[in-house]
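Peer 1: Any chance you can model this:
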Amino acid sequence: MNTLARTIIFIGLLSVFACGRESFVVSPEALQDTQNHYDSGFVMLQQDSLLAAFPHFIQVAEKLEVLPNDMTDEEKLLVSRAYYQMAHVFGWKMENNAEIDALRWALGYQRQVGDTTWMAWTSLKLANAFWTVKEVDSAWFYLDWVMPHLDTVPDNVRDYITARHLLASLYLEGKQLDSSLMVQREIIAFKMRRGMDTKGDSVSMGMNLFFSGRKTESKTYLLKILDMERDDVEKGAIMSLLAQVYEEEQNADSLAFCQSFHTSYVQAESERVSDGLLAVKQYENYKAERDARLQALREQKEARAAQVKNFVFGGLALLLVLLVVAYVFVLRKRHYTALKDKDFEALNLRVKSVYDDKLGNKMERITKVFVAAYPDALAKLKAAYPDLNQTELDVCVLSMFPFRTKEIADILDLRENTVSKYRTAIRKKTQADSFEALWARFVG
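Peer 2: Model (predicted):
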């Protein structure tokens, strides 16, 4: 019975595991196809084909993204990269809310797999994105987290400079202009010691001076934009700041020069906004589909969990019933075991001696020996099965002892075949598997 219980428990646990988990295995071929989508999109990003690249990253998420517990670390890493690159597109198109959303999804997957390098890159981008939308507390939160991790990040110089520029901007936002300018001068000195170009840093410093109200001082720094290769949007934005400076100085020629960039700036800005809205539309469509799909998967898992719960309780109830049956069986077995002790051996010898002697009335004398040993057993058997006739009762008594069929037939003056028929009839009437089991009910 112990083996039966162990088997039931094993089957129950196996069923719980099978019911509680649904496979979302991605084949190696499908995973490679998804990797190819990512690689194609990344190459397009390198070629500044942002809108052409964007759908490839959507494809990566669409093919791999299910509930996190059903994804492998490799799949999570690839999906996190896809969200990061989507955010990169949004950042270039100045769609900062969409950029923040995509970066948060990327960071969520990176945290699950402990991808600290990409976590630092993503957190730095998040800090910049929050700064852009003027959520200063969030910008400080991510910047404070990423600063201690920069030493572990490859290409640390670039990220260090980016983080320091953001620090300068946050100081400026807090009206700590001196601290902001100090950080920017440190950046320029840091880059000059390494022979790096500092024009962009000078322009950034000029912007901070401009927006802090020191427009005249900003002019020298902002003019560095003319020595840089930048797209029409960025160059046009800086020239619009310079135009305000020259307007205050009443420098008509310089003002006209700055305004000459206005047309191309407006056109480029219009294209940027249009492209950005298109990318956002694709992203919003995917988000709606993703959220609906993940919600459906959550509901499926909850339903499976309920089924597992019912199965477990049902299995426990069945196991309890089986244990009760086993307990009853053990009790009966214990009663029967009493028949096999030394007293029974002595009883068996006495019955055998009756059989071996030459005197008559063997059945009557064996019955007296049996009743003397178990006074109530025969009476209980008669009461329990009143349809047993006397010969059947005699067969029951003789079957208590190790008599062969031939010996029982000799005692009852019957044929062996007839004895076998009586035994079969007794089992049918009593529903007993054996005579041992039958007597175990009444001998105790």
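Peer 1: Pull the distance from stretch 249-264 to the chain's centre.
Peer 2: 59 Å (C-alpha atoms, centre = their mean, to the nearest Å).
Peer 1: actually stretch 143-159, not the one I typed
Peer 2: 30 Å.
Peer 1: Now do the end-to-end distance for that stretch.
Peer 2: End-to-end span of stretch 143-159 (C-alpha to C-alpha, to the nearest Å): 11 Å.
Peer 1: Sort out which residues of that stretch are buried, please.
Peer 2: Buried residues in stretch 143-159, counted by 16 or more other C-beta atoms under 10 Å: 143, 146-147, 149-150, 153, 159. Heads up, the C-betas are built off the backbone N, CA and C, glycines and all.
Peer 1: In CSV, list these along with secondary structure and distance to Leu181.
Peer 2: Below are these laid out as CSV (DSSP: H, G, I helix; E, B strand; the rest coil; distance: C-beta to C-beta, whole Å):
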residue, secondary structure, distance to Leu181
Leu143, helix, 18
Val146, helix, 23
Met147, helix, 20
His149, helix, 26
Leu150, helix, 22
Val153, coil, 26
Asp159, helix, 22
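Peer 1: ok, so of these, who is nearest Glu416?
Peer 2: Among the buried residues of stretch 143-159, His149 lies closest to Glu416 (C-beta to C-beta), at 92.8 Å.
Peer 1: What distance do you get for the most centrally placed residue in the chain to Glu75?
Peer 2: Compute the mean C-alpha point of the chain, and by C-alpha atoms, centre = their mean the closest residue is Asn69, 1.8 Å away. Distance, Asn69 to Glu75, by C-beta to C-beta, to the nearest Å: 12 Å.
Peer 1: How about Val419?
Peer 2: For Val419, the distance to Glu75 equals 74 Å [C-beta to C-beta].
Peer 1: How about Ala243?
Peer 2: 51 Å.
Peer 1: And for Val183?
Peer 2: Val183 sits 40 Å away from Glu75, taking C-beta to C-beta as the criterion.
Peer 1: ditto for Asp413
Peer 2: Per C-beta to C-beta, Asp413 is found 85 Å from Glu75.
Peer 1: who's more crowded, these two?
Peer 2: Glu75 (22 against 8; other C-beta atoms under 10 Å).
Peer 1: where are the low-confidence patches of the stretch 201-350 of the chain?
Peer 2: Residues of the stretch 201-350 of the chain that meet the criterion pLDDT under 70 lie in 231-233, 264-276, 324-342.
Peer 1: Would you mind giving the domain segments of this protein?
Peer 2: The chain breaks down into these domains under automatic domain parsing: 2-300, 342-440.
Peer 1: Now those domains in a markdown table, please, with extra columns for distance to Gly315.
Peer 2: Formatted as a markdown table, those follow (distance: least, C-beta to C-beta, whole Å):
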| stretch | distance to Gly315 |
| --- | --- |
| domain 2-300 | 4 |
| domain 342-440 | 27 |
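Peer 1: between the ones you listed, which one is nearest to Lys309?
Peer 2: domain 2-300 (9.4 Å).
Peer 1: and the closest one, how far from the chain's centre?
Peer 2: 27 Å.
Peer 1: What are the buried residues along the helix or strand hosting Phe344?
Peer 2: Following DSSP states H and E, one finds Phe344 within helix 342-356. Within helix 342-356, the residues scored as buried using 16+ other C-beta under 10 Å are 344, 347-348, 351, 354-355.
Peer 1: for stretch 245-254, same thing?
Peer 2: Of all the residues in stretch 245-254, those buried under the rule 16+ other C-beta under 10 Å are 245-246, 254.
Peer 1: Take these and keep only those in helices.
Peer 2: 245-246, 254 (DSSP state H).
Peer 1: ok so, going back, can you list contacts of the very next helix or strand once past the helix holding Phe344?
Peer 2: Downstream of helix 342-356, the next assigned helix or strand under DSSP H and E is helix 362-373. Here helix 362-373 makes contact (C-beta atoms under 8 Å, 6 or more residues apart in numbering) with 343, 347, 350-351, 354-355, 359, 377-378, 394, 397-398, 400, 411-412.
Peer 1: for stretch 209-223, same thing?
Peer 2: 172, 177, 180-181, 202-203, 205-208, 238, 241-242, 244-245, 248-249.
Peer 1: cool, stretch 83-97 as well?
Peer 2: For stretch 83-97, contacts defined as C-beta under 8 Å, 6+ apart pick out 38, 41-42, 45, 50-51, 53-54, 57-58, 61, 98-100, 102-103, 105-106, 109, 118, 121-122, 125, 128-129, 132-133, 272-273, 275-277, 279-280, 283.
Peer 1: any idea how far Ala82 is from Thr198?
Peer 2: Distance of Ala82 to Thr198, computed by C-beta to C-beta: 34 Å.
Peer 1: same check, this time on Met207
Peer 2: 15 Å.
Peer 1: who's more crowded, those two?
Peer 2: Taking neighbours as other C-beta under 10 Å, Met207 and Thr198 compare with Met207 leading, 19 against 16.
Peer 1: tell me the contacts of the more buried one?
Peer 2: Met207 sits next to 218, 221-222, 238, 241 when contact means C-beta under 8 Å, 6+ apart.
Peer 1: Please convert those to TSV, extending it with neighbour count, secondary structure and distance to Ser138.
Peer 2: As requested, the contacts of Met207 are arranged in TSV below (neighbours: other C-beta atoms under 10 Å; DSSP: H, G, I helix; E, B strand; the rest coil; distance: C-beta to C-beta, whole Å):
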residue	neighbour count	secondary structure	distance to Ser138
Ser218	23	helix	27
Tyr221	21	helix	28
Leu222	24	helix	28
Ile238	24	helix	27
Leu241	19	helix	26
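Peer 1: Quick check: of the residues you listed, which lies closest to Tyr385?
Peer 2: Each of the contacts of Met207 was checked against Tyr385 using C-beta to C-beta; the closest is Ile238, at 108.5 Å.
Peer 1: Please report how far the closest residue to the closest one other than its chain neighbours lies from Leu209.
Peer 2: Leaving aside its chain neighbours, Ile238 sits nearest to Ile225 (4.3 Å; criterion: C-beta to C-beta, 6 or more residues apart in numbering). Using C-beta to C-beta, Ile225 is found at 14 Å from Leu209.
Peer 1: and if you look at Val280?
Peer 2: Counting by C-beta to C-beta, the separation of Val280 from Leu209 is 33 Å.
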